[in-house]
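Visitor: What follows is a predicted protein model with its sequence.
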Amino acid sequence: MRKRAWLVLALVMLSEAASPAQDAIVPFKIRVPDAVLKDLKERLARTRFPGEISGSNWDYGTNLAYLKDLVAYWRDTFDWRAAERRLNQFDQFTTEIDGLDIHFIHQRSKNPDALPIAITHGWPGSIVEFTKIIGPLTDPAAHGGTASDAFHVVAISLPGFGFSGKPTERGYGPERIAGIVATLMARLGYTRYGLQGGDWGSSISRFVALNDASHVAGLHLNFCLAGPPAGAKDPNEGVTPAELERSRARQAFFDTERGYFLEQSTKPQTIGAALDDSPAGLAAWIVEKFRSWSDSNGNVEQKFTRDELLTNITLYWVTQSGTSSARIYYENQRAAGPQRRVEVPTACAVFPKEISIAPRRWVEAQYNVTRWTEMPRGGHFAAMEEPQLLVDDMRAFFRTLR
């Protein structure tokens, strides 16, 4: 079966009634049709693997031996239905905003005084990243915290990602998506809420904090991007030598990682043809980033199980979102505007293997930083890699803002 678009439409909600009112919130369960999974296994069985330079390991990209093992495991062992059941333990919904169906987890705490928080992911992630932190955030007393630290969690699938709708017009960059987040929180009845984000979620959360500041209690980021302060005679004034060295080292690292960024920022439709047609190609494209961007010492499965990796990759496959998720890079490149300072209280959780780490003084020029935490370990995928460190920092930060 070569076409999956009509099958993806069958991943539907609990309600089988007629189309809901535009602002209705509709319960949702993940139900991937058997035909989609059968087609996936058939494609995996027919994979035509590339050649490889002898002894190249991961130098040229995804290692061939690892990819073959991953594809074989995906084809013969990985159980999507089990992953589906784990995801469906969370309360999921869809609602139409800005012409798109927006999918989200809305896990309310049993504590009525819990603080609502909107959590957004990036690429190549998904709501799968948040499955380890939702329980500790909503029910802290059962996970080493106190009841007063509770959150009502709203974890959002970005437009073009996962089970959210795919934009069919230009312009769905981070700021427009931020408007969707703010609209969703208002629709859920939350007049005061927190934000948390990494990767694109960092940029999106930043715009929410700028444009809906009167409703935002605080902004927690695990990816604090900032350039040199505008207009500074000496942009490195107040920056310690150690910070400057670290920032330059991470920049040098990312310079070897930019291939995907340049492609998705300029020609997402081109790479998308491969990502939406070849599951092995999709796996190679995504798993290489989980290896490179995590604190894994070159062994991706030191930080993530194969089932965790493949749950995220399969989510991209069954929703056919390889192309649509890549377009956010293109939109962002064409939506840059003047920088505005975020005045909402902001926390930066700095993980040492993050792909880019700005000096604190640079970040403070663009954010009202009230908490700065240097983490002992971890990389880009904080919620999956180091969920306890992330949760502890979120609790400590928002404890001062409740």
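Guide: Sure, I can see it. Quick caveat: nothing in here was measured; it's all calculated off a predicted structure.
Visitor: could you pull out the helices for the stretch 251-400 of the chain?
Guide: With DSSP state H, counting those that start in this stretch, the ranges of helices along the stretch 251-400 of the chain come out as 259-266, 268-275, 279-292, 306-318, 322-333, 360-366, 382-385, 387-399.
Visitor: mind checking which of these is nearest Gly125?
Guide: helix 306-318 (6.7 Å; Cβ to Cβ). Where you see a C-beta, it was placed from the backbone N, CA and C, and this is true even at glycine.
Visitor: what's across from Gly197 in the sheet?
Guide: Thr120, Leu221 (DSSP bridges).
Visitor: That one: how many residues sit nearby?
Guide: Here the number of neighbours of Gly197 (other Cβ atoms under 10 Å) works out to 26.
Visitor: That one and Phe261, how far apart?
Guide: Distance, Gly197 to Phe261, by Cβ to Cβ, to the nearest Å: 18 Å.
Visitor: Could you do Ser56 as well?
Guide: 22 Å.
Visitor: who has more neighbours, those two?
Guide: Shown here are Ser56 and Phe261; by other Cβ under 10 Å, Phe261 has more neighbours (14 against 11).
Visitor: Can you read off the pLDDT for the more buried one?
Guide: pLDDT, Phe261: 96.
Visitor: Check the one 3 residues further on too.
Guide: Confidence per residue is given as pLDDT, and for Gln264 that number is 98.
Visitor: Now do the contacts for it.
Guide: Going by Cβ atoms under 8 Å, 6 or more residues apart in numbering, Gln264 touches 123, 271, 326-327, 329-330.
Visitor: Neighbour-wise, which one of these leads?
Guide: Highest neighbour count within these, by other Cβ under 10 Å: Ala326, with 25 neighbours.
Visitor: number of nearby residues for the spatially closest residue to that one that is not a sequence neighbour?
Guide: Leaving aside its sequence neighbours, Ala326 sits nearest to Pro268 (Cβ to Cβ, 6 or more residues apart in numbering; 3.7 Å). Neighbour count of Pro268, defined by other Cβ under 10 Å: 21.
Visitor: hang on, the earlier thing: can I get the contacts of Gln264 in JSON lines including distance to Pro235?
Guide: Below are the contacts of Gln264 laid out as JSON lines (distance: Cβ to Cβ, whole Å):
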{"residue": "Trp123", "distance to Pro235": "29"}
{"residue": "Ile271", "distance to Pro235": "34"}
{"residue": "Ala326", "distance to Pro235": "32"}
{"residue": "Arg327", "distance to Pro235": "32"}
{"residue": "Tyr329", "distance to Pro235": "26"}
{"residue": "Tyr330", "distance to Pro235": "29"}
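Visitor: List just the nearest of these to Ile180.
Guide: The nearest member of the contacts of Gln264 to Ile180, counting by Cβ to Cβ, is Arg327 at 15.2 Å.
Visitor: Next one: the closest one from Gly145, what distance?
Guide: Here the criterion is Cβ to Cβ. By it, Arg327 lies 38 Å from Gly145.
Visitor: element containing the residue of the chain positioned farthest from its centre?
Guide: Most distant from the centre of the chain: Lys233, at 35.9 Å, with distances by Cα atoms, centre = their mean. Using DSSP states H and E, Lys233 maps to neither a helix nor a strand.
Visitor: Phi and psi next, for the residue sitting nearest the centre point of the chain.
Guide: The centre of the chain sits closest to His121, judged by Cα atoms, centre = their mean, with a distance of 2.1 Å. Phi and psi for His121, reported as degrees, to the nearest 10, are phi -100, psi -170.
Visitor: just Gly298 next, same as before
Guide: Taking degrees, to the nearest 10, you get phi 80, psi 0 for the backbone angles of Gly298.
Visitor: Can you name the element that comes right after the worst-scoring helix or strand of the chain on mean pLDDT?
Guide: Among the helices and strands of the chain, helix 5-8 carries the lowest confidence by mean pLDDT, DSSP states H and E, at a mean of 36. Downstream of helix 5-8, the first helix or strand assigned by DSSP H and E is strand 26-28.
Visitor: And that next one, how far out from the chain middle?
Guide: 21 Å (Cα atoms, centre = their mean, to the nearest Å).
Visitor: How many residues are close by Glu343?
Guide: 13.
Visitor: any idea how far Leu87 is from Lys29?
Guide: According to Cβ to Cβ, Lys29 stands 9 Å off from Leu87.
Visitor: ugh, wrong one, I meant His121
Guide: Remark: distance between His121 and Leu87 (Cβ to Cβ) = 14 Å.
Visitor: Between those two, which contacts overlap?
Guide: Ile127.
Visitor: Gln366: which of the contacts of Gln264 is nearest?
Guide: Tyr329 (21.0 Å).
Visitor: so where is the stretch 251-400 of the chain shaky, pLDDT-wise?
Guide: 336-338 (pLDDT under 70).
Visitor: Can you say which of the helices of the stretch 251-400 of the chain is nearest to Arg340?
Guide: helix 360-366 (8.3 Å).
Visitor: Now do that closest one: everything it contacts.
Guide: The set of residues external to helix 360-366 that reach it, using Cβ under 8 Å, 6+ apart, is 224, 226-230, 232, 235, 237-239, 243, 339, 341-342, 348, 369, 372.
Visitor: Great, nothing more from me.
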